[in-house]
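Novice: structure, please.
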Amino acid sequence: MNAIVGLCHFCELHGPRTLFCTEALHAPLPQGAGLGDGLGQGEQAEDEEGGIQMTSRIRCHSPIDGTVDSSSPGPKKSDMCEGCRSLESGHPGYISVDKETSIKYVSHQHPNHPQLFSIVRQACVRSLSCEVCPGREGPIFFGDEQHGFVFSHTFFIKDSLARGFQRWYSIIVIMMDRIYLINSWPFLLGKIRGIIDELQGKALKVFESEQFGCPQRAQRMSTAFTPYLHQRNGNAARSLTSLTNDENLWACLHTSFAWLLKACGSRLTEKLLEGAPTEDTLVQMEKLAELEEESEAWDGSSEEDVKCNTKNDLVEGNKLSKCSTDASLLSECSWNEAPTRSAVFRSLRHMRQVLGASAFHVLAWHVLMGNQVIWRGHDQDLIQSAFDVLKAMLPVGCVRIIPYSDQYEEAYRCNFLGLSPAVQIPPHIASSEFYVLVDVRAATRSNLYPVLFVDDGPLSKYEFVVTSGSPVAVDRVGPTILSKIEAALTNENLSVEVVDQCLICLKEEWMNKVKVLFKFTKVDSRPKEDTQKLLSILGAAEEDNVKLLKFWMTGLSKTYKSHLMSTVRSPVSSESRN
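Specialist: Numbering: from 1, shown residues only. Next up, the predicted model:
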């Protein structure tokens, strides 16, 4: 992620100051950045975890000879006190190298580039002066196109020697991409809040121990008329390492900030879309947005759980874990699991070969018509794999799955239902023609069907009995798309990957027909005679094709429907129709 994360402090003597910042360098470090001839000249790797290698940072001028780069944009040494300084004079800083992406995460007190220094300096001043939220503690967003956009979270650290027994700090994230930063707000807020809680917890322990040994409030009351700075015996500013009693504080902050940049950069990715997004893409985006809204509402209702989770995430940040905290965490980490030989269906062609052509035809007909498909058996993985294969024939918006249940669920709740063997189908369902049942039973003898592939051995211990309340479905040709799907599955010259692409094209073709029919009937409210003519033109006048179009109409995205409705209501569209 192209951003800078910084820790800022409001010094009582020098005003807002930048204490520590971490930036991501996507290209080899320039000579002025101070890598010398390469990482080999620095100290050996101190830590290596999660694909990131930590090394010490080498400056152009060695701290041994006492020289300082006069061109450095940072403040002069005379303008800094203990509270304004993070790294000791001559400290090389920190570098973490991500081996996967070759990105270097560099931490220092100030950016070496003058323009970056100016941007960070301005963000620091604004975050600790004018751009604060009510109560002076909490997150806020500000910025512009010229100086970048800033996510700032201000907070207080306990200090027994400070005015009001606390000092003011802020953690800022600076980016030039406003949209990306706003979309990252929930993620950044949770992770940065975890870092702040860790700092405040350490400082509170030090504060309580100092107050227990020498209470400052009583001492200040007894010397109320002594000049304020003289009261503190010259300790006007204390370093953050002193306030937290943590000598490794800056190394820990480096790992936390570097992990924050890595994780925030990997959770949002750009995807190139050729042409308008498909209905499946729109429906998936809408479902993802609903899940995020529910998770945010849940997180807001249980603040204690959030604090606990952010602390755990901070520990992961310090370790720079390889797996990100994105929603794709489970799927990414599952790649490392050892493969297990379980009885599963791998594709539609595989299922057709296992069930047989006639049984698969009945099953696929019910799937495309929107009838309830019930699988009953002990093996949950087998049933789940069957649903994963069958749902590929339907638009995403038409799929409602309950993978496994100990009781029957009505068809309005799901069109794919997995049941345990003990569950009985209700009589009103058993006598209905709007369902199909696949019983997965233990085979009475081995190899009830020929082993078609090497990996089909586990499936040979089952037999599959397909029953339906619609006997006409066996002899019925079915919708046009079913005939094309079966033709592709029976063509051995087509690989499984090609069949998958063929299925996507067929779904898009029929979803376009669904869109035309939806606008014609629901939006324009055309008469029934005109609808029949339209169906004939679309090549979908048969009964099964009409039923399929009506069922698939329920899978249209809310975005598409609202767009059509808003277009109809607009005065421009009404004038054009007239």
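
Novice: and stretch 535-549, what's buried?
Specialist: Neighbour counts over stretch 535-549 (16 or more other CB atoms under 10 Å) mark Leu535, Leu538, Ala540, Asp544, Asn545, Val546, Leu548, Leu549 as buried. For the C-beta atoms, the positions are set from N, CA and C on the backbone; glycine is no exception.

Novice: same deal with stretch 257-269?
Specialist: Buried residues in stretch 257-269, defined by neighbour count with 16+ other CB under 10 Å: Phe257, Ala258, Trp259, Leu260, Leu261, Lys262, Ala263, Cys264, Gly265, Ser266, Arg267.

Novice: so where's the stretch 101-250 of the chain shaky on pLDDT?
Specialist: Across the stretch 101-250 of the chain, the ranges flagged by pLDDT under 70 are 213-236.

Novice: quick one, strands of it?
Specialist: Assigned by DSSP state E, counting those that start in this stretch, the stretch 101-250 of the chain shows strands spanning 103-108, 138-144, 148-158, 166-175.

Novice: quick one: low-confidence parts of the stretch 251-400 of the chain?
Specialist: For the stretch 251-400 of the chain, the stretches with pLDDT under 70 are 271-275, 299-343.

Novice: looking at this structure, which helix is longest?
Specialist: helix 185-213 (DSSP state H).

Novice: and it, what other elements does it pack with?
Specialist: Applying 3 or more CB pairs under 8 Å, 6 or more residues apart in numbering; DSSP states H and E, we find helix 185-213 packed against strand 138-144, strand 148-158, strand 166-175, helix 240-244, helix 249-267, helix 279-301, helix 303-319.

Novice: can we see that at 6 Å?
Specialist: Judged by 3 or more CB pairs under 6 Å, 6 or more residues apart in numbering; DSSP states H and E, helix 185-213 is in contact with strand 148-158, helix 240-244, helix 249-267, helix 303-319.

Novice: circling back: can you put the strands of the stretch 101-250 of the chain in JSON lines and add mean neighbour count?
Specialist: Converted to JSON lines, the strands of the stretch 101-250 of the chain look like this (neighbours: other CB atoms under 10 Å):
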{"stretch": "strand 103-108", "mean neighbour count": "23"}
{"stretch": "strand 138-144", "mean neighbour count": "15"}
{"stretch": "strand 148-158", "mean neighbour count": "22"}
{"stretch": "strand 166-175", "mean neighbour count": "24"}
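
Novice: nearest to Tyr412, of those strands?
Specialist: Checking the strands of the stretch 101-250 of the chain against Tyr412 by CB to CB gives strand 138-144 as the closest, at 42.5 Å.

Novice: one step back: would you turn the strands of the stretch 101-250 of the chain into TSV with distance to Val477?
Specialist: Shown next, in TSV, are the strands of the stretch 101-250 of the chain (distance: least, CB to CB, whole Å):
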stretch	distance to Val477
strand 103-108	57
strand 138-144	60
strand 148-158	60
strand 166-175	58
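
Novice: between these, which one is closest to Pro426.
Specialist: Closest to Pro426 of the strands of the stretch 101-250 of the chain is strand 138-144 (CB to CB; 52.9 Å).

Novice: in the stretch 401-550 of the chain, what residue spans correspond to strands?
Specialist: 401-405, 416-419, 435-442, 462-468.

Novice: turn those strands into CSV, columns for mean neighbour count and distance to His147.
Specialist: CSV is the format used below for those (neighbours: other CB atoms under 10 Å; distance: least, CB to CB, whole Å):
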stretch, mean neighbour count, distance to His147
strand 401-405, 15, 49
strand 416-419, 24, 53
strand 435-442, 18, 63
strand 462-468, 17, 66
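
Novice: pipe those strands into a markdown table and attach mean pLDDT and distance to Ser107 per row.
Specialist: Below are the strands of the stretch 401-550 of the chain laid out as a markdown table (pLDDT from 0 to 100; distance: least, CB to CB, whole Å):
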| stretch | mean pLDDT | distance to Ser107 |
| --- | --- | --- |
| strand 401-405 | 93 | 46 |
| strand 416-419 | 94 | 51 |
| strand 435-442 | 90 | 57 |
| strand 462-468 | 89 | 58 |
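
Novice: in a markdown table: these, plus distance to Trp375.
Specialist: Output for the strands of the stretch 401-550 of the chain, formatted as a markdown table (distance: least, CB to CB, whole Å):
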| stretch | distance to Trp375 |
| --- | --- |
| strand 401-405 | 9 |
| strand 416-419 | 5 |
| strand 435-442 | 5 |
| strand 462-468 | 9 |
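
Novice: closest to Lys202 out of those strands?
Specialist: Lys202 lies closest to strand 401-405 among the strands of the stretch 401-550 of the chain, at 45.4 Å (CB to CB).

Novice: what's the closest of the buried residues of stretch 257-269 to Glu492?
Specialist: Nearest to Glu492 among the buried residues of stretch 257-269: Ser266, at 40.9 Å, using CB to CB.

Novice: if I look at the closest one, how far off is Glu100?
Specialist: Taking CB to CB, to the nearest Å as the measure, Ser266 and Glu100 are separated by 10 Å.

Novice: what of Asp544?
Specialist: Distance from Asp544 to Glu100, by CB to CB: 51 Å.

Novice: check Pro139 too.
Specialist: Separation of Pro139 from Glu100 (CB to CB): 30 Å.

Novice: so which of the strands of the stretch 401-550 of the chain gets nearest Leu503?
Specialist: Leu503 lies closest, by CB to CB, to one member of the strands of the stretch 401-550 of the chain: strand 416-419, at 17.2 Å.

Novice: parallel or antiparallel, list what pairs with the closest one.
Specialist: Paired neighbours of strand 416-419 in the sheet (DSSP bridges): strand 372-376 (parallel), strand 401-405 (parallel).

Novice: count the neighbours of the closest residue to Leu87 other than its chain neighbours for me.
Specialist: Leaving out its chain neighbours, the residue that sits closest to Leu87 by CB to CB, 6 or more residues apart in numbering is Gln109, at 5.6 Å. By other CB atoms under 10 Å, 21 other residues sit near Gln109.

Novice: just the one 3 residues further on next, same as before
Specialist: Other residues within reach of Asn112, judged by other CB under 10 Å, total 22.

Novice: related to what we said a few turns ago, so which of the strands of the stretch 101-250 of the chain is nearest Arg349?
Specialist: For the strands of the stretch 101-250 of the chain, proximity to Arg349 was assessed by CB to CB; strand 103-108 is nearest, at 42.3 Å.

Novice: tell me how far Ile383 lies from Tyr462.
Specialist: Distance, Ile383 to Tyr462, by CB to CB: 11 Å.

Novice: related to what we said a few turns ago, which of the strands of the stretch 401-550 of the chain sits closest to Pro186?
Specialist: strand 401-405 (27.8 Å).

Novice: keeping just the C-alphas, turn the closest one into CSV.
Specialist: The C-alpha atoms that make up strand 401-405 are tabulated as CSV, following Å, rounded to 0.1, in the frame of the first residue of the first chain:
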residue,chain,number,x,y,z
ILE,A,401,-28.3,-23.4,0.3
ILE,A,402,-28.7,-25.0,3.7
PRO,A,403,-25.7,-27.5,3.6
TYR,A,404,-26.9,-29.9,6.4
SER,A,405,-29.8,-29.9,8.8
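
Novice: who's in contact with that strand?
Specialist: Residues outside strand 401-405 that contact it (CB atoms under 6 Å, 6 or more residues apart in numbering) are Gln380, Gln384, Phe387, Glu409, Cys414, Phe416, Leu417, Gly418.

Novice: could you look up the SS state of Asp86?
Specialist: Quick fix: residue 86 is Ser, not Asp. Three-state assignment for Ser86 (DSSP: H, G, I helix; E, B strand; the rest coil): coil.

Novice: quick check: the gap between it and His14.
Specialist: The value you get for Ser86 to His14, if CB to CB is used, is 14 Å.

Novice: so between the two, which is more surrounded?
Specialist: Neighbour count, other CB under 10 Å: between Ser86 and His14, Ser86 has more, with 24 against 15.
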